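Structure for the following, please:
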Amino acid sequence: MADFLDELNESQREAVLYIDGPSLVIAGAGSGKTRVLTYKIAYLLDQGYEPWSILALTFTNKAAREMKERIAKQVGMDRARYLWMGTFHSIFSRILRTEAALLGFSPNFTVYDAADSKSLVKAIIKEMHLDDKVYRPGMVQSRISNAKNHLVLPEAYAASAEFYQSDLEAKVPSLRDIYTRYWERCKQSDAMDFDDLLVYTYLLFEKYPEVREKYASRFRFVLVDEYQDTNFAQHRIVWQLTEKNRRVCVVGDDAQSIYSFRGANIDNILKFTKEYKEARLFKLEQNYRSTQTIVNAANSLIAKNSEQIRKEVFSEKAKGEPIPVFNAYSDVEEGDIVANQIVKLAAGGAYGYDDFAILYRTNAQSRIFEEALRKRGLPYRIYGGLSFYQRKEIKDIVAYFRLVVNPNDEEAFKRIINFPARGIGDTTLNKIIDAATRANVSLWAVLNEPLAYGLSLAKNTCAKLQGFRDLIAGFAEDALQKNAYEVGQDIVRRSGIIAEVYRDRTPENLSRQENVEELINGMHDFCASREEEGNERVSLSDYLSEISLLTDLDSEEGEGARITLMTIHSAKGLEFKNVFVVGLEENLFPSPMASGSYRQLEEERRLFYVAITRAEEHCFLSFAKSRFKYGKMEFSNPSRFLRDIDARYLKLPLGENIPASPKRVISDAPRFVKPEPPRMLRKVSLSSVSEGKPSSQAGTGVEVGQTIEHERFGIGEIIKVEGTGDNCKATVRFRHAGTKQLLLKFARFKVIE
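Have a look, this model is predicted:
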């Protein structure tokens, strides 16, 4: 037996040694999945398998590269380099280039990336004289991709009553014709997109049994990583290659299946032993990553799922502390609590900033935590994405704000003159730029007096420019009278941005909607905070001054340890010593997009499981009692998932229990439906913040030493009171938000003792 097998525990060794038939390795979080895969390949080589007879399929190039490097340490690079190891797409591309002629392609066919694919879809929509505001290229591309991942070709798609009904409901009945043209145009161009690499591999093996037999014989053993993430097409190709010789090992964890929105099908792993009836099942249940308490908490959570392969993950590391649950008064206080906890732990000297991760359900949640960390000068990075103020939809809106405040801002002018599309193309813009350059004036000056600066344009174009000028001028006039929040709402609605982002429910667009909503929420919070500090009207210019400091920080490059902020989906496969899982509220986590289907709700629970099991030493959970949404403060219920965790493994605030969540099925209705007018933009006067305030808070009714409960900042102690009447101010030391001075006539709080 190879010496390196001594490095494995008993369960890992059993999984590695079995090579006589199909096997399913269920690898719990932190259980050494990659080690089993690499050692199994090394063992196959040790048992006489030639490297080119082993096929190992992964989901990322990084995973393939790391495995090959580990294998090389065991058997040498001379042998490891000949392994057929790589992503599904890279391996299948290699096969397709060899067999291209059978499918009517040349060996040098082009592979279209997502941008190429979208560009072709856009061209076809235009050729068919369809409205690209209805047939949005991204949405069309997504639906075609979904069909391909289910191996539904254009002819079958066109003949399917189910698909046609779905397209009718989405008001895109011509989608089947677009799909047919897209398929044909790719073929004419000797090109395949990423989905085609799967589809054509399946078709190659299906139409040409002799080719299928050739590769099934060549690959004497097939291994697949992260099998819970495979889609229907990938699953069928694995079956095509292994149906006959049955030498296949798939590794994964059904408890970490979280990508159904990308086409992943959990049934592929759940039903593997039914398809390969003689398959051996191995369970890797020892977690080498997390404390016993974290592992036990995660186990008690995932036990609530009905569709799973049961296992009992355990840890032999230290017991660890119970998982603290923070109950914040608002999302603002939640940000402060998390930031303060990081400061506290980092101050002990045991952890660097790169030992901390903040995990959230949606990208939009990053804003609160970014601002809380910046306020304390803590370095951070957004993993796998952009900082809040660097996201396209946010930069577009901020460009409107900049132009309203300063019409001479050239970069803002160029960014939004045709966004959303209003028929002002690059040719017209270049003419404006040329005229401005000749006269040494701003673009706005030319727009105001085109004839004076020699700008000659068609009547229709002049009308469009006049419309844009009037729109911005109107906003500028409003900005002199209204506060930033009110003007911001108007700009987002009347500019057409809100209509742009509410067009469809693709995952990408839903994220944009959440980000726009969060920007408006942030503007409200900014205005309310400044008003409580005594500013009568907080202008759009004030708001821009504030966020310009934030966007400057976004662009700063720096080395050194940083706190990681990311969505939970992005965190899969990673680990950190200290993890904060935030926003654990109903209609946030679980997501409102998880409809009445128990399968979707169970996937949300698996997502929470993934979040908890990223933690090595400390895991913290938090939820907020209220969030500003849709133009008003809304109260939140704690996530039902918090109650799924055995209370023995949680540390709740003194004297508190997690309130029961409503016993209801989440509605099938989408969270983001284009409203008329949008609810999130409903005009709300900020002067209403003083309504409902107990009379004891008026004038000098408050006293030093009193404890108050503030709507956003939580619990605090009054340490100073000064002024009288409308000018009465209180200085309050809050538990988490620091010390703040509040103008009492605007402050929203109540005295609790």
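
where do the helices sit along the stretch 501-650 of the chain?
Along the stretch 501-650 of the chain, the stretches classed as helices by DSSP state H, counting those that start in this stretch are 507-532, 540-554, 568-571, 598-612, 640-644.

Going by mean pLDDT, which of the ones you listed comes out lowest?
Among the helices of the stretch 501-650 of the chain, helix 540-554 has the lowest mean pLDDT, at a mean of 73.

related to what we said a few turns ago, could you redo the helices of the stretch 501-650 of the chain as TSV and give each row mean neighbour count and distance to V404?
(Glycine included, C-beta is placed from N, CA and C.) Formatted as TSV, those follow (neighbours: other CB atoms under 10 Å; distance: least, CB to CB, whole Å):
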stretch	mean neighbour count	distance to V404
helix 507-532	22	13
helix 540-554	16	6
helix 568-571	20	34
helix 598-612	22	40
helix 640-644	20	43
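
and of those helices, who's closest to G32?
Evaluated over the helices of the stretch 501-650 of the chain, closeness to G32 peaks at helix 598-612, with 17.2 Å, by CB to CB.

Tell me the helices and strands packed up against that closest one.
In terms of contacts (3 or more CB pairs under 8 Å, 6 or more residues apart in numbering; DSSP states H and E), helix 598-612 is packed against helix 292-302, helix 568-571, strand 576-581, helix 640-644.

ok and it relative to helix 292-302, angle-wise?
Here helix 598-612 points in a direction 170 degrees away from that of helix 292-302 (axes from the mean of the first three to the mean of the last three CA atoms, to 10 degrees).

Using PDB, write down the CA coordinates of helix 598-612.
Output in PDB follows, covering the C-alpha atoms of helix 598-612 (Å, rounded to 0.1, in the frame of the first residue of the first chain):
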ATOM      1  CA  TYR A 598     -40.100  23.500   0.200                       C
ATOM      2  CA  ARG A 599     -37.100  22.700  -2.100                       C
ATOM      3  CA  GLN A 600     -36.300  26.400  -2.400                       C
ATOM      4  CA  LEU A 601     -36.700  26.900   1.300                       C
ATOM      5  CA  GLU A 602     -34.400  23.900   2.000                       C
ATOM      6  CA  GLU A 603     -31.800  25.400  -0.300                       C
ATOM      7  CA  GLU A 604     -31.900  28.600   1.700                       C
ATOM      8  CA  ARG A 605     -31.300  26.500   4.800                       C
ATOM      9  CA  ARG A 606     -28.400  24.800   3.100                       C
ATOM     10  CA  LEU A 607     -27.000  28.300   2.300                       C
ATOM     11  CA  PHE A 608     -27.100  29.200   6.000                       C
ATOM     12  CA  TYR A 609     -25.400  25.900   6.700                       C
ATOM     13  CA  VAL A 610     -22.600  26.900   4.300                       C
ATOM     14  CA  ALA A 611     -22.300  30.200   6.100                       C
ATOM     15  CA  ILE A 612     -21.900  28.800   9.500                       C
END
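
still on that earlier bit, which stretch among the helices of the stretch 501-650 of the chain comes nearest V251?
Closest approach to V251 among these (CB to CB): helix 598-612, 16.5 Å.

Quickly note the distance from F608 to A339.
For F608, the distance to A339 equals 22 Å [CB to CB, to the nearest Å].

And the helix or strand harbouring V492, what does it pack against?
Per DSSP states H and E, V492 falls inside helix 484-494. On a contact count with 3+ CB pairs under 8 Å, 6+ apart, helix 484-494 meets helix 392-405, helix 459-479, helix 507-532, helix 540-554.

Would you mind putting the ones you listed into a markdown table with distance to R748 alongside?
Formatted as a markdown table, the helices and strands packed on helix 484-494 follow (distance: least, CB to CB, whole Å):
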| stretch | distance to R748 |
| --- | --- |
| helix 392-405 | 26 |
| helix 459-479 | 25 |
| helix 507-532 | 8 |
| helix 540-554 | 20 |
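
To F205, which of those lies closest?
Nearest to F205, of all the helices and strands packed on helix 484-494, is helix 507-532, at 30.7 Å by CB to CB.

now stretch 515-533, how far from the chain's geometric center?
Distance of stretch 515-533 from its chain centroid, counting by CA atoms, centre = their mean, to the nearest Å, is 23 Å.

try stretch 607-614
The answer for stretch 607-614 is 15 Å, by CA atoms, centre = their mean.

now swap in stretch 594-613 and tell me
Remark: stretch 594-613 is offset 15 Å from the chain centroid, using CA atoms, centre = their mean.

what ranges of the chain fall below the confidence cut-off?
Across the chain, the ranges flagged by pLDDT under 70 are 1-2, 549-559, 595, 630-631, 654-700.

I'd like to know which of the helices and strands packed on helix 598-612 lies nearest to G738.
Comparing the helices and strands packed on helix 598-612 under CB to CB, the one sitting nearest is strand 576-581, at 19.1 Å.

The closest one: partners in the sheet, and parallel or antiparallel?
If you go by DSSP bridges, strand 576-581 pairs up with strand 356-360 (parallel), strand 615-624 (parallel).

Could you single out the most deeply buried of the ones you listed?
strand 356-360 (a mean of 26; mean count of other CB atoms under 10 Å).

Can you list the neighbours in contact with it?
By CB atoms under 8 Å, 6 or more residues apart in numbering, the residues outside strand 356-360 that reach it are 338, 342, 345-346, 366, 369, 563-568, 571, 574, 576-583, 611, 614.
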